[in-house]
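In: can't give you the sequence, but here's the structure:
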């Protein structure tokens, strides 16, 4: 089976074949063109159960004072500012990245940020889906007349 890779050049074909999916297509386009952040820092997204997720970002060398988590509408944004203090160090080799970064994740409807923790260089952000009661399926009683 041959797999076809979606590239930015194939997006115009998808745009013309879909109606009403503007947000989805814009998000896909932004994701394909997000070479500014590259693959750093590495991260995992895990689904714990039907309604719980954990985003884990490897932030070795960053302290709590160097990290900021914000939510703007449906965007989860993680910013890291490089730690200071090693300006006077003469490195013979510096292989550990200590650069600023920004990671953004688009959250689905009804996803809430439950909490965040920093442990052993890993930033863990726990997310929970909280569907309002009025949007949950309801069982309708059947009466006999």
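Out: That came in fine, so what should we check first? Since the structure is predicted, the reported quantities are computational estimates derived from the model, not experimental observations.

In: wait, residue 99 sits on residue 81?
Out: No: using Cβ atoms under 8 Å, residue 99 is not in contact with residue 81, being 9.6 Å away. Placement of C-beta: from N, CA and C, glycine included.

In: Tell me which of these two has more neighbours.
Out: Using other Cβ atoms under 10 Å, the more surrounded residue of residue 99 and residue 81 is residue 81, with 14 against 9.

In: where does that one land on pLDDT?
Out: On pLDDT, residue 81 comes in at 93.

In: Same question for residue 100.
Out: 91.

In: try residue 18
Out: Here the pLDDT value assigned to residue 18 is 55.

In: for the one 4 residues further on, same thing?
Out: In the predicted model, residue 22 carries a pLDDT score of 62.

In: what residues go with each domain of this protein?
Out: Domain assignment for the chain by automatic domain parsing gives 1-33, 39-134.

In: Turn those domains into TSV, columns for distance to residue 144.
Out: Shown next, in TSV, are these (distance: least, Cβ to Cβ, whole Å):
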stretch	distance to residue 144
domain 1-33	42
domain 39-134	28
